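Undergrad: Predicted structure and sequence below. I'll ask about it afterward.
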Amino acid sequence: MPEFTRRNWLSMAAMTGLAMTNQTDVGARTPDSRLDSSSRGAGPDTHYSCNVLKFGADRSGRRDATAAIQKALDATHRGGGGMVHIPAGRYVIAGSLHIPPCTTLEGVFRGPTSHIGLGKASRNTAKAAGSVLLATGGRGNQEAVPLISLSENSAVLGLCIFHPHQAPDATPVAYPWAISMKGNNCTVENVELLNSWCGIQAVQAHRHLIRNVTGQPLKTGIFVDEVYDIGRIENVHFNPWWSASSPVLEFIYRHGESFVFGRSDWQYVLNTFSFGYHAGYRFIEGKTGSCNGNFLGIGADASWHACVVEQSQGPGILITNGEFVSFNYMKLPGPIEPVQVVVKPGNQGPVRLVNCSFWGPCSQIAQMESHSTIGFGDCTFCQWDPMFAAIKATAGNVCVTGCEFRQSSPQIELGTHVRQAVITGNMAAASWQIRNGIKKRAKIGLNSAL
């Protein structure tokens, strides 16, 4: 099977564009007659939009609205595409919704939101404002059909997704993915995943856009795989807005992952944050490969691992202006405290962190276990266990330049299987303690200490 790359994907896209030259122009609108009779007059402009209430959707939260909303989506698609509006209210979705191509499902939110306290004391949804989908189907089965499935050029905007039967004071129960993106140019924007088991999966969703998303996903926040052309994730923040009970927080800390990346070519991630997850950012070997990408202004607080790299592409993982905190805030029993950055033995690509800040109290800042390269430039290391070196490498290449070690403890340990190292231009709070197991293969100099 030939390897897909962004270049051959662009070639395929160009061929697709030629094949579509005889199609209707993008953005062209069709007469009202192409919408079914029930949708006429259903919105401010029937050429472009309709209202789910006109199709019989119940917004009281008492009757299933799945069929009515799907009917509105299908009618809009048959009419040439457009907006399907969900007014403020609570809509039970006992089944699943499919967003057809060139169709948008839109609620009332125009910016990210968070429902502080919703569901903590009870399953009452009376406090929920805006357009809220009450997801009840698929309980106990993560592999069931996702709540919402997007197709090419479709979007979900301005909604809150809430699972009313997920108990806020018990160990979470599995549900299907809240949103599944598949196809070119899918968009999820201004959406709250209040207590989804798994939030958003973008698989074969080339040029996806995920922006202004908040909530408290319980198992996985966002998962990306099989993406061959520049996906974007911006302004996504996961915090314990729904429940801060011990069973929920402990489950997330032991098992939760905020952002997971399999195969993704040129992934862009900007201004993302998570609190209290086992892994803030995890990079894995996906079905067709691994990730390369640019990660700017990202953060993870109260994590066991802020960043875990199991596999990455040759161009590597580039992280800039990150802020990371790893510590055992749940005080779970165990002999080893958390480690901020872990690069696993099988990883092939470089991992470079620039102008990042790390604080704890963690066991170590970084463990480098692969034969690739790890680099820290202009980073600040605040707190780690004085029994260990802040950065420990057992293999590969290590580059540490222009960094500040703000604790009087061992800074760097180079195992005998490290190939080479450059440690220059750094500052330390006290005398340097570098355990150099590779002797002359390490270039160490121009480092300052108090």
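TA: Perfect, I can see it now. Numbers count the residues shown, from 1 in each chain.

Undergrad: what separates stretch 281-294 from the chain centre, distance-wise?
TA: Relative to the centre of its chain, stretch 281-294 is centred 12 Å away, using CA atoms, centre = their mean, to the nearest Å.

Undergrad: What are the contacting residues of it?
TA: With contact meaning CB atoms under 8 Å, 6 or more residues apart in numbering, stretch 281-294 is reached by 3-4, 224-226, 257-269, 295, 298, 300, 305-318, 320, 346, 348-349. For the C-beta atoms, the positions are set from N, CA and C on the backbone; glycine is no exception.

Undergrad: taking the residues you listed one by one, which sit in strands?
TA: The strands, defined by DSSP state E, take in 224-225, 257-261, 264-269, 295, 300, 305-309, 317-318, 320 from those.

Undergrad: Touching, Cys362 and Phe324? I think so.
TA: No - contact criterion CB atoms under 8 Å: Cys362 and Phe324 do not qualify, at 9.1 Å.

Undergrad: shared neighbours of these two, which are they?
TA: By CB under 8 Å, 6+ apart, Cys362 and Phe324 have these common neighbours: Gln340.

Undergrad: Name the spans of the protein whose pLDDT lies under the cut-off.
TA: Low-confidence segments of the chain (pLDDT under 70): 1-47, 116-128, 335.

Undergrad: which residues of it fall in helices?
TA: With DSSP state H as the criterion, the chain has helices at 6-19, 66-78, 246-255.

Undergrad: Can you check what angle separates the last one from strand 257-261?
TA: Right, the one you point to is helix 246-255. 30 degrees (axes from the mean of the first three to the mean of the last three CA atoms, to 10 degrees).

Undergrad: And helix 246-255, what's buried?
TA: Val248, Leu249, Phe251, Ile252, Tyr253 (16 or more other CB atoms under 10 Å).

Undergrad: distance between it and the chain's centre?
TA: 18 Å.

Undergrad: these two touch, right, Glu234 and His208?
TA: No - look at Glu234 against His208 with CB under 8 Å: they stay out of range, at 11.2 Å.

Undergrad: More neighbours: which of these two?
TA: Per other CB atoms under 10 Å, whichever of Glu234 and His208 has more neighbours is His208, with 27 against 17.

Undergrad: What about Cys382, how many residues nearby?
TA: Residues lying near Cys382 (other CB under 10 Å) number 17.

Undergrad: ok, it - contacts?
TA: With contacts defined as CB under 8 Å, 6+ apart, the neighbours of Cys382 are Ser357, Phe358, Trp359, Gly360, Arg406, Gln407.

Undergrad: Serialize the residues you listed to JSON lines and add fields for neighbour count and distance to Ala75.
TA: Listed next are those as JSON lines, based on neighbours: other CB atoms under 10 Å; distance: CB to CB, whole Å:
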{"residue": "Ser357", "neighbour count": "16", "distance to Ala75": "52"}
{"residue": "Phe358", "neighbour count": "28", "distance to Ala75": "53"}
{"residue": "Trp359", "neighbour count": "20", "distance to Ala75": "54"}
{"residue": "Gly360", "neighbour count": "23", "distance to Ala75": "55"}
{"residue": "Arg406", "neighbour count": "18", "distance to Ala75": "61"}
{"residue": "Gln407", "neighbour count": "18", "distance to Ala75": "63"}
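
Undergrad: Adding distance to Ala428, write those out as CSV.
TA: Converted to CSV, the contacts of Cys382 look like this (distance: CB to CB, whole Å):
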residue, distance to Ala428
Ser357, 16
Phe358, 15
Trp359, 16
Gly360, 17
Arg406, 8
Gln407, 9
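
Undergrad: which among those gets closest to Phe381?
TA: The closest of the contacts of Cys382 to Phe381 turns out to be Phe358 (CB to CB; 5.2 Å).

Undergrad: Against Ser245, how distant is that closest one?
TA: Remark: distance between Phe358 and Ser245 (CB to CB, to the nearest Å) = 29 Å.

Undergrad: Touching, Ala302 and Phe275? I think so.
TA: Yes - under the criterion of CB under 8 Å, Ala302 makes contact with Phe275 at 5.5 Å.

Undergrad: Show me which residues of stretch 230-247 are buried.
TA: Neighbour counts over stretch 230-247 (16+ other CB under 10 Å) mark 230-231, 233-239, 241-243, 245 as buried.

Undergrad: now swap in stretch 164-182 and tell me
TA: Of all the residues in stretch 164-182, those buried under the rule 16+ other CB under 10 Å are 164, 166-168, 172, 174-182.

Undergrad: Restricted to strands, list the contacts of Cys382.
TA: Ser357, Phe358, Trp359.

Undergrad: what sits against the second one?
TA: Counting by CB under 8 Å, 6+ apart, Phe358 touches Ala306, Phe324, Val325, Ser326, Gln340, Val341, Ile365, Cys379, Thr380, Phe381, Cys382.

Undergrad: can you tell me how far it sits from Ala300?
TA: Phe358 sits 10 Å away from Ala300, going by CB to CB.

Undergrad: which residues do those two both contact?
TA: Taking CB under 8 Å, 6+ apart as the criterion, Phe358 and Ala300 both touch Ala306, Phe324, Val325, Ser326.

Undergrad: Might you report the residue contacts of the second one?
TA: Meaning Phe324. By CB under 8 Å, 6+ apart, Phe324 lies in contact with 280, 299-301, 303, 306-307, 340-341, 356-359.

Undergrad: so what's it closest to, chain neighbours aside?
TA: Leaving aside its sequence neighbours, Phe324 sits nearest to Ala306 (CB to CB, 6 or more residues apart in numbering; 3.7 Å).

Undergrad: And for the third one?
TA: Nearest-residue entry for Val325: Asp301, 4.6 Å, with adjacent residues in sequence omitted and distances by CB to CB, 6+ apart.

Undergrad: Report the beta-bridge partners for that neighbour.
TA: Here Asp301 sits in beta bridges with Phe275, going by DSSP bridges.

Undergrad: My read is that it contacts Phe275, right?
TA: Yes - between Asp301 and Phe275 there is a contact under CB under 8 Å: 4.7 Å.

Undergrad: in stretch 90-101, what counts as buried?
TA: Under the neighbour-count criterion of 16+ other CB under 10 Å, stretch 90-101 has Arg90, Tyr91, Val92, Ile93, Gly95, Ser96, Leu97, His98, Ile99, Pro100 buried.

Undergrad: now those residues as a markdown table including distance to Asp74?
TA: Shown next, in a markdown table, are the buried residues of stretch 90-101 (distance: CB to CB, whole Å):
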| residue | distance to Asp74 |
| --- | --- |
| Arg90 | 23 |
| Tyr91 | 17 |
| Val92 | 19 |
| Ile93 | 16 |
| Gly95 | 14 |
| Ser96 | 14 |
| Leu97 | 10 |
| His98 | 9 |
| Ile99 | 10 |
| Pro100 | 7 |
